[in-house]
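J.: just to be clear, the model below is a prediction. Sequence and coordinates:
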Amino acid sequence: DQQVKQNSPSLSVQEGRISILNCDYTNSMFDYFLWYKKYPAEGPTFLISISSIKDKNEDGRFTVFLNKSAKHLSLHIVPSQPGDSAVYFCAASLAGTALIFGKGTTLSVSS
Amino acid sequence: ETGVTQSPTHLIKTRGQQVTLRCSSQSGHNTVSWYQQALGQGPQFIFQYYREEENGRGNFPPRFSGLQFPNYSSELNVNALELDDSALYLCASSLGQGAYTGELFFGEGSRLTVL
């Protein structure tokens, strides 16, 4: 049973527009949520995280929103750039132990 | 400061063989985790080592084993390889026991193909 779900395998947006990537989770005990970005032939790289006690965290063009009642988080990228094209993984952490990852969403930003 | 490095980057084995994958942690990091990423899936937690002791394990059989050395480098060993073991194996390091925020630093991975 998947505890972290990314239901959209892919997303295509135009350069300059907003990209919204979504993630749902089932375990209410998760205390941190993270987004990782992965380019082909590279390992995942950390993008942004949010504590379960917050509902928003912003870092430059990237903002993560957490809706605990809906067990849903989203990553907003504004404005989207062609270099943002990658696979984005949502992950959840429980007391600093293993990360539980979703299956990923492939973002394609066209110029 | 060096990042996480893994070796080999690619390897091919046959069913029933054994494999050892290696990882050098990011400088100063004392915790290492291993993840398996099958095609089309997200990374799946295998186990974690902190100060040379295993302190967390995912849903993987005992034929998956590991070591962490005093210099915090690490090995993943897989015995009796099966076809389903074909995957990208990712090593990740962090500072502190699991790094409470969950932020991990990943290597590029070792691509294992089992024939």
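T.: Cool, got the structure. Numbers count the residues shown, from 1 in each chain, chains lettered A, B, ... in the order given.

J.: okay, now the unreliable bits of the chain?
T.: Reading this off chain A. Residues of chain A that meet the criterion pLDDT under 70 lie in A:96.

J.: chain B, not that one
T.: Along chain B, segments meeting pLDDT under 70 span B:1-2, B:96-102.

J.: could you pull out the strands for it?
T.: B:5-7, B:10-13, B:19-24, B:31-37, B:44-50, B:53-57, B:64-68, B:74-78, B:87-94, B:105-106, B:110-114 (DSSP state E).

J.: and what of chain A?
T.: Going by DSSP E, chain A shows strands at A:4-5, A:10-14, A:19-25, A:32-38, A:45-51, A:56-59, A:62-67, A:72-77, A:86-93, A:99-101, A:105-110.

J.: residue A:107 against residue A:21, yeah?
T.: Yes - the pair residue A:107 / residue A:21 is scored as a contact, 6.7 Å apart, by C-beta atoms under 8 Å. Bear in mind the C-beta positions are built from the backbone N, C-alpha and C, glycine included.

J.: mutual contacts of those two, please.
T.: Counting by C-beta atoms under 8 Å, 6 or more residues apart in numbering or on different chains, the residues touching both residue A:107 and residue A:21 are A:11, A:77, A:88.

J.: which one of those is nearest to chain B?
T.: Within these, proximity to chain B (C-beta to the nearest C-beta) peaks at residue A:88, which comes in at 10.5 Å.

J.: give me the neighbour count for that closest one.
T.: Applying other C-beta atoms under 10 Å in any protein chain shown, we find 23 residues neighbouring residue A:88.

J.: who does it bridge with?
T.: Residues in a beta bridge with residue A:88, per DSSP bridges, are residue A:37, residue A:105.

J.: need the contact list for it.
T.: Residues in contact with residue A:88 (C-beta under 8 Å, 6+ apart) are A:6, A:21, A:35-38, A:47, A:75, A:104-107.

J.: so who does the residue nearest the centre of chain B touch?
T.: When C-alpha atoms, centre = their mean is applied to chain B, the residue found nearest the centroid is residue B:34 (2.9 Å). By C-beta under 8 Å, 6+ apart, the residues touching residue B:34 are B:23, B:45-48, B:66, B:74, B:76, B:89-92.

J.: so how far is residue B:39 from residue A:29?
T.: Applying C-beta to C-beta, to the nearest Å, the value for residue A:29 to residue B:39 is 30 Å.

J.: before we move on, back to that, tell me which of the strands of chain A is the most buried.
T.: Of all those, strand A:99-101 carries the top mean neighbour count, a mean of 26, counting by mean count of other C-beta atoms under 10 Å in any protein chain shown.

J.: and chain A, which residues reach chain B?
T.: Contact residues, chain A versus chain B (C-beta under 8 Å from any C-beta of the partner chain): A:4, A:6, A:32, A:34, A:36, A:41-46, A:49, A:51, A:89, A:91-93, A:95-104.

J.: kindly recompute the last result at 6 Å.
T.: Within chain A, the positions adjacent to chain B are A:32, A:34, A:42-44, A:46, A:49, A:89, A:93, A:96-99, A:101-104 by C-beta under 6 Å from any C-beta of the partner chain.

J.: re earlier: format the contacts of residue B:34 as JSON lines; extra columns: distance to residue A:65 and neighbour count.
T.: Listed next are those as JSON lines, based on distance: C-beta to C-beta, whole Å; neighbours: other C-beta atoms under 10 Å in any protein chain shown:
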{"residue": "B:23", "distance to residue A:65": "34", "neighbour count": "26"}
{"residue": "B:45", "distance to residue A:65": "25", "neighbour count": "20"}
{"residue": "B:46", "distance to residue A:65": "31", "neighbour count": "23"}
{"residue": "B:47", "distance to residue A:65": "32", "neighbour count": "20"}
{"residue": "B:48", "distance to residue A:65": "29", "neighbour count": "28"}
{"residue": "B:66", "distance to residue A:65": "36", "neighbour count": "22"}
{"residue": "B:74", "distance to residue A:65": "35", "neighbour count": "26"}
{"residue": "B:76", "distance to residue A:65": "36", "neighbour count": "25"}
{"residue": "B:89", "distance to residue A:65": "33", "neighbour count": "23"}
{"residue": "B:90", "distance to residue A:65": "27", "neighbour count": "27"}
{"residue": "B:91", "distance to residue A:65": "31", "neighbour count": "31"}
{"residue": "B:92", "distance to residue A:65": "25", "neighbour count": "27"}
